[in-house]
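Peer 1: Take a look and give me a structure for this.
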Amino acid sequence: MKCKSASGVLCDRRRSLKLKGKFYRTAIRPAMLYGTECWAVKHQHVHKMGVAEIRMLRGMCGHTRKDKIVNEDIRGKVGVAEVEGKMRENRLRWFGHVQRRPTDTPVRRCDYGTEVRGRRGRERPRKTLEETLRKDLEYLDLTEDMTQNRAQWRSRIHIADPTCELQNQAQVMSKLKNQMGEIAEFMGQMQEQSELFDSTVEIVEVITLESGMEVRDEPKTSKPSHNMDEQLLFEEEEDNKATEPTLVFKPFPDFGSPTKNKEKSKFLLGPNN
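Peer 2: Below is the predicted model of the structure:
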């Protein structure tokens, strides 16, 4: 399928970029990558495929090279991954299918590791599919034993489009926003409760001050001890001493001399006698 035959959808400005990208991923790119599973890809092949892809994506966005927009930004708008990564994914996916087949099947008779007998010519030999697969395995840090586990193999070789990543990021951001909103609401409720408590405390203080009541701390209860008992007994004795009448004794004067006898008589009979 040629890109020009689908220009009515890809180049229509009334269509959204999301719809254009989905149409490109389902119709255009599979036609471009048809048969690449068995290609001994060279650098010039990858370069030509990348140039053709970016020209189509740039036309879908309505931009030209004069706008000087980076290729990664254009791929991010449409939601399309690089064609080189998708070509590698196709090769490794087919390689996993072949390796999981029994050894007696026809597809395993022509192994990738077969040696070609004969005289080697001058210059560098032609690039083979075995060499391409070996570089792909080294690039992704994979081994041939991993192909037996299909789920693990598919997850390791998969190249996700930017659209999926953006959707996941949007979902994560929406969850974070909801959580932040719940936290802010909870903090607002706690602040309202604290303000209400402070206002009630101020009202109680004003009422106690106007009524002349003293706010005292509650007496602390403690366990009885021998020292406290002795102190209580001592206080009771002091109270008893304070209530008992006190007798004051004056010293008796000396009446040896006659002058002192007069004082004696005055003392005994009183000052009027």
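Peer 1: residues near residue 57, how many?
Peer 2: A total of 22 residues lie near residue 57 under the criterion other CB atoms under 10 Å. From N, CA and C alone the C-beta is placed, and that goes for glycine too.
Peer 1: Counting neighbours, which bits of the host helix or strand of it end up buried?
Peer 2: Using DSSP states H and E, residue 57 maps to helix 43-61. Buried positions in helix 43-61, judged by neighbour count with 16 or more other CB atoms under 10 Å: 46, 49, 53, 54, 56, 57, 58, 60, 61.
Peer 1: And the next helix or strand past it?
Peer 2: Next element after helix 43-61 (DSSP H and E): helix 71-78.
Peer 1: what angle separates the helix or strand following that following helix from helix 43-61?
Peer 2: Sequence order places helix 83-100 as the next helix or strand after helix 71-78, per DSSP H and E. Relative orientation of helix 83-100 and helix 43-61, computed by axes from the mean of the first three to the mean of the last three CA atoms, to 10 degrees: 120 degrees.
Peer 1: Looking at helix 83-100 now, give me its mean pLDDT.
Peer 2: The average pLDDT for helix 83-100 rounds to 92.
Peer 1: what comes into contact with whichever helix or strand comes after it?
Peer 2: Downstream of helix 83-100, the next assigned helix or strand under DSSP H and E is helix 106-109. Residues outside helix 106-109 that contact it (CB atoms under 8 Å, 6 or more residues apart in numbering) are 98, 101, 102.
Peer 1: out of the residues you listed, who's nearest residue 84?
Peer 2: Lowest distance from residue 84 to those (CB to CB) belongs to residue 98, with 21.8 Å.
Peer 1: which residues touch that closest one?
Peer 2: 107, 108.
Peer 1: Return, as residue ranges, the portions of this protein with sub-threshold pLDDT.
Peer 2: Along the chain, segments meeting pLDDT under 70 span 1-5, 110-116, 163-171, 197-229, 240-273.
Peer 1: Outline the domain layout of it.
Peer 2: 4-104+127-159, 162-212 (automatic domain parsing).
Peer 1: can you tell me which of those domains comes nearest to residue 234?
Peer 2: domain 162-212 (34.9 Å).
Peer 1: tally of neighbours for residue 78?
Peer 2: 22.
Peer 1: cool, and residue 79?
Peer 2: Neighbour tally, residue 79, other CB under 10 Å: 20.
Peer 1: you'd agree it is up against residue 160?
Peer 2: No. Between residue 79 and residue 160 there is no contact under CB atoms under 8 Å: 10.2 Å.
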